[in-house]
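J.: Only the shape, not the letters, is given here:
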């Protein structure tokens with residue numbers, strides 16, 4: 001947007017800021033938030049504080065710097081207000097767990113470390129944040145964020161202090177941060193949807209079990225080498241002589257890989273599904289649904305822990321639904337998802353849910369390239385979360401305008 005378009009929206013933006021920043025106590029802070037949002041939405045190649053301040057008629061670099069990096073306003077109530085408002089407008093079909101990386105030079109920016117950087121596709125010096133999004137086909141909104149703290153920051157008191165990391169914030173695996181985000185959103189009163197995640201989360205058995213224990217349905221990607229038994233496999237208990245410990249029930253055959261289970265019935269068992277229309281036309285492929293029983297030590301321990309105390313575990317592993325994709329021209333199935341939804345769920349619905357991550361990837365591009373999500377140059381914990389919250393607010397404002405049939409489309 002240019003300055004003229006921004007000024008035409010001032011009335012709407014003022015009302016939006018007054019609503020979602022109502023928890024920010026001081027009027028001058030809310031005014032700086034309004035100014036920062038205009039800076040993020042205003043056209044320009046760089047959305048760090050100095051160039052934004054130079055482009056805005058009322059831009060004050062020092063005031064904006066203080067507001068983002070040092071001011072003590074709490075970002076969580078702002079995110080809650082945005083999520084509550086946008087969830088009503090978006091009517092989400094899924095909650096998507098994802099993470100995003102920010103390449104960084106040096107080692108003093110909060111939580112920076114050499115780790116996998118998705119933005120570069122390799123190990124690199126970067127920050128990583130876990131995020132939760134509410135999404136439908138037409139739009140999505142980030143609900144909340146957690147900056148991942150690498151292990152090397154755990155005991156580095158000097159860097160933690162300089163970056164302002166709260167004492168209670170420690171290293172937690174990304175999948176645990178994802179669960180924290182889900183629990184927080186439910187605590188805000190948001191209605192949970194089917195959880196969707198890529199294999200970085202879906203592959204973690206403990207993550208799937210934690211979702212099930214919360215009563216949440218999920219459709220999560222997994223690797224093809226995940227092991228499982230066919231649904232009709234039955235464990236048996238070896239004969240017991242009466243001496244020693246009674247043998248436990250176990251499956252007589254070894255578990256197979258999901259790749260083997262998905263391909264055993266051949267391509268003819270896969271059905272063609274169109275799940276949405278993209279920029280180049282209908283998006284179609286071939287899919288199959290079957291019931292399987294994931295294996296592995298973690299699964300067995302969890303199943304045993306859930307068994308009634310007097311009866312004990314009968315050795316039967318719990319069943320889940322496996323969705324696989326076998327595109328035309330591929331030699332074997334290429335994509336795999338495990339879901340808690342029943343095996344008789346409509347195939348098109350399962351595919352549509354599994355593929356919903358495209359919406360998040362689309363909106364991440366807007367937040368990064370259009371709204372400067374990765375342009376923040378501060379080094380502190382507070383500053384990073386303030387900036388991410390303000391980018392979320394700008395994205396939410398533009399999303400509301402796109403969803404309003406009476407509003408002209410933003411440039």
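T.: Arrived safely. Quick caveat, the model's predicted, so the values are computed rather than measured.
J.: what's the distance between the residue positioned nearest the centre of the chain and residue 211?
T.: Centroid check for the chain by Cα atoms, centre = their mean gives residue 97 as the closest residue, at 1.8 Å. Using Cβ to Cβ, to the nearest Å, residue 97 is found at 10 Å from residue 211. To be clear about C-beta, it is placed using only N, CA and C from the backbone, and glycine gets the same treatment.
J.: Please enumerate the shared neighbours of those two.
T.: Shared contacts of residue 97 and residue 211, defined by Cβ atoms under 8 Å, 6 or more residues apart in numbering, are found at 182, 195.
J.: Skipping adjacent residues, who's closest to residue 221 in space?
T.: Once flanking residues are discounted, residue 221 sits nearest to residue 199: 4.3 Å by Cβ to Cβ, 6 or more residues apart in numbering.
J.: what's the answer for residue 170, then?
T.: That would be residue 154: by Cβ to Cβ, 6+ apart, it lies 6.2 Å from residue 170.
J.: what number of residues lie near residue 265?
T.: 11 (other Cβ atoms under 10 Å).
J.: Look at it and give its secondary structure.
T.: coil (DSSP: H, G, I helix; E, B strand; the rest coil).
J.: Could you pull up phi and psi at it?
T.: Dihedral pair for residue 265: phi -90, psi 0, per degrees, to the nearest 10.
J.: List the contacts of the residue lying closest to it once chain neighbours are set aside.
T.: Among residues not flanking residue 265 along the chain, residue 288 sits closest, at 7.6 Å (Cβ to Cβ, 6+ apart). Applying Cβ under 8 Å, 6+ apart to residue 288 gives the contacts 262, 265, 269, 270, 271, 323, 324, 326, 333.
J.: Correct me if wrong: the fourth one contacts residue 286.
T.: Spelled out, that is residue 270. Yes - checked against Cβ atoms under 8 Å, the pair residue 270 and residue 286 is within contact range at 3.9 Å.
J.: Let me know whether my guess that residue 16 is in a helix holds.
T.: Yes - applying three-state DSSP, one finds residue 16 inside a helix.
J.: Hmm, it is touching residue 400, no?
T.: Yes - Residue 16 lies in contact with residue 400 (Cβ under 8 Å); the separation is 7.5 Å.
J.: Please say which of the two ends up with more neighbours.
T.: Neighbours around residue 16 and residue 400, counted as other Cβ under 10 Å, are more numerous at residue 16. The numbers are 21 against 18.
J.: Name all residues that make contact with that one.
T.: 393, 397, 400.
J.: The helix or strand harbouring the first one packs against which elements?
T.: Just to be clear, that refers to residue 393. Using DSSP states H and E, residue 393 maps to helix 381-403. On a contact count with 3 or more Cβ pairs under 8 Å, 6 or more residues apart in numbering; DSSP states H and E, helix 381-403 meets helix 10-20, helix 27-41, helix 61-69, helix 75-90, strand 140-147.
J.: can you list the residues that contact the longest one?
T.: So the one you mean is helix 75-90. The contact list for helix 75-90, computed with Cβ under 8 Å, 6+ apart, reads 19-24, 134-136, 138-145, 184-185, 188-191, 385-386, 388-389, 392-393, 396, 399-400, 403.
J.: give me phi/psi at residue 259?
T.: phi -60, psi -40.
J.: same deal with residue 221?
T.: Given degrees, to the nearest 10, the pair of backbone angles that residue 221 has is phi -70, psi 150.
J.: What residues does it make contact with?
T.: 197, 198, 199, 202, 203, 335, 336, 337, 354.
J.: Against residue 9, how distant is it?
T.: 39 Å.
J.: now the strands for the stretch 101-250 of the chain?
T.: 113-117, 122-135, 140-147, 194-197, 218-221, 227-230 (DSSP state E, counting those that start in this stretch).
J.: Which one, of those, ends up nearest to residue 244?
T.: For those, the distance to residue 244 is smallest for strand 227-230, at 27.0 Å, taking Cβ to Cβ.
J.: Can you identify each of the helices in the stretch 251-400 of the chain by residue range?
T.: Listed from the start of the chain, the stretch 251-400 of the chain has helices (DSSP state H, counting those that start in this stretch) covering 258-263, 297-306, 347-354, 357-365, 381-403.
J.: for the stretch 101-250 of the chain, what are the low-confidence residue spans?
T.: 241, 246-247 (pLDDT under 70).
J.: and residue 261, how many neighbours?
T.: Quick note: residue 261 (other Cβ under 10 Å) scores 23 neighbours.
J.: got a list of what it touches?
T.: 228, 230, 290, 292, 322.
J.: Out of those residues, which comes closest to residue 60?
T.: Closest approach between the contacts of residue 261 and residue 60, by Cβ to Cβ: residue 322, at 56.4 Å.
J.: so what's the closest residue to the closest one other than its chain neighbours bridging to?
T.: Distances taken as Cβ to Cβ, 6+ apart place residue 292 nearest to residue 322, at 4.7 Å, with adjacent residues excluded. Beta-bridge partners for residue 292, by DSSP bridges, are residue 230, residue 320.
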